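> Predicted structure and sequence below. I'll ask about it afterward.
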Amino acid sequence: MHTTIRRTAVGAGALLLVLALGGFRYPGFNDPGARASAASGTAYLVSRQLPAGSFETAGFPGFETPDAVLAIAENAQTTTTWNRKQAKAAVDAVKNGSHSVLHAIDDFVDSGINAGQAAKILTLVARPLAMNVNRFNPDKDATAVNLRAIIDGGHQPGGSYGAFNATLDAAIAKRVLGGVPADTLAYIRSAQEAGGGWNFAGDPTGAAAPADVDTTALAVQALVAAKVKNTDPDLRQGIAFLAHEHRASGAWQSFGADDPNSTSLAIEAITAAGFNPAVSCWRDTTVPALKSSAYTSPITWLIGDQLPSGRFKSPNDAFGINTFPTSQAIQALRREWVPVNTLAKQKCT
């Protein structure tokens, strides 16, 4: 699997729609191939639910289940506008015996979570399903958890929320809650390498680790969550890094192999920046020198990575098959909730 782990009840649906669909978005709603692939992937995903209700087939609590929840909710959407009732109904219907997936999420949250984990639960589960983030309690038991307070309590001097990927997840969650702190935006900017990418250590020198696609794609989404302009140089350099890392196959790689998780996150980053990942405009605009190169859509590659069972295969399958590639692929194919914020439609040059 990857070495980095990839992110008051709402009184009115209108607020939720603004948060989910700010700016201009290229979703997969009107792409029949993407929708069919997402539906097949969701059927596979549901078949993998464990007896306790979770999807933690890799054995790491909190690693797979939140992404599975959002994938199921994404697949359930029948309009281009996010429908929280459809999302919640689809997720509520996923049970193994008497145990629902939200029961598993409740147990995980009640066990004690940090700011990065709370950020992912808030972004992938609570907000898209219109659940109370100040008293998160799917089971309606004696324990209600304040996700907002856990995230805010993790805010450190200098803008960090702990590990760098946790900081990126927290920044995205703070957009959903209303706004990214200025010191967090500054901290994310300061971690960018000279080549435009970010690494999982948040080290701008690259000495601790080289820049990678997964972290860069999350950092781009965090910048967009902070409402930077579409001409922002750090944003453009991040997209340019992704352009250089895009393979002729249409995929992005992790550890030298075409990878569905890396490809999914990059698709979301390009969408967040106001571009359509299905065509080369984003690449040619940010790196004009690549205009003469052939372009294969990453969405086409992602659909082609799917097996007849509905599962999306991963180069990490040799270490144990889990649901994470399938969940993130479904999210990337639909793109109706994630990315949580998008910029205005970018012009091609």
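Structure's in. What do you need? Just so it is clear, the structure is predicted and the values come from calculations on it, not from any experiment.
> okay, the top helix by length along the chain in PDB with CA atoms only?
Using DSSP state H, we find that the single longest helix of the chain is helix 32-47. The C-alpha trace of helix 32-47 is given here as PDB (Å, rounded to 0.1, in the frame of the first residue of the first chain):
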ATOM      1  CA  PRO A  32     -21.400   7.500 -19.200                       C
ATOM      2  CA  GLY A  33     -18.200   5.500 -19.100                       C
ATOM      3  CA  ALA A  34     -17.100   7.100 -15.800                       C
ATOM      4  CA  ARG A  35     -20.500   6.600 -14.300                       C
ATOM      5  CA  ALA A  36     -20.700   2.900 -15.400                       C
ATOM      6  CA  SER A  37     -17.200   2.300 -14.100                       C
ATOM      7  CA  ALA A  38     -18.000   4.000 -10.700                       C
ATOM      8  CA  ALA A  39     -21.200   1.900 -10.400                       C
ATOM      9  CA  SER A  40     -19.300  -1.300 -11.000                       C
ATOM     10  CA  GLY A  41     -16.700  -0.300  -8.600                       C
ATOM     11  CA  THR A  42     -19.300   0.500  -5.900                       C
ATOM     12  CA  ALA A  43     -20.900  -2.900  -6.300                       C
ATOM     13  CA  TYR A  44     -17.500  -4.500  -5.700                       C
ATOM     14  CA  LEU A  45     -16.800  -2.200  -2.800                       C
ATOM     15  CA  VAL A  46     -20.100  -3.000  -1.000                       C
ATOM     16  CA  SER A  47     -19.300  -6.700  -1.400                       C
END
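> and after it, which helix or strand comes next?
For helix 32-47, the succeeding helix or strand toward the C-terminus, using DSSP states H and E, is helix 65-75.
> That following helix packs against which elements?
For helix 65-75, the elements it packs on are helix 32-47, helix 84-92, helix 101-110, helix 324-334, judged by 3 or more C-beta pairs under 8 Å, 6 or more residues apart in numbering; DSSP states H and E. C-beta: built from backbone N, CA, C; applies to glycine.
> Now render those as TSV, adding mean pLDDT.
Converted to TSV, the helices and strands packed on helix 65-75 look like this (pLDDT from 0 to 100):
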stretch	mean pLDDT
helix 32-47	98
helix 84-92	98
helix 101-110	97
helix 324-334	98
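> Select, out of these, the one closest to Glu74.
Of all the helices and strands packed on helix 65-75, it is helix 324-334 that lies closest to Glu74, at 4.0 Å by C-beta to C-beta.
> the inter-axis angle of that closest one versus helix 65-75?
Helix 324-334 and helix 65-75 meet at an angle of 30 degrees, taking axes from the mean of the first three to the mean of the last three C-alpha atoms, to 10 degrees as the criterion.
> and helix 324-334 with helix 32-47, angle?
Put simply, helix 324-334 runs at 150 degrees to helix 32-47, going by the same axes, to 10 degrees.
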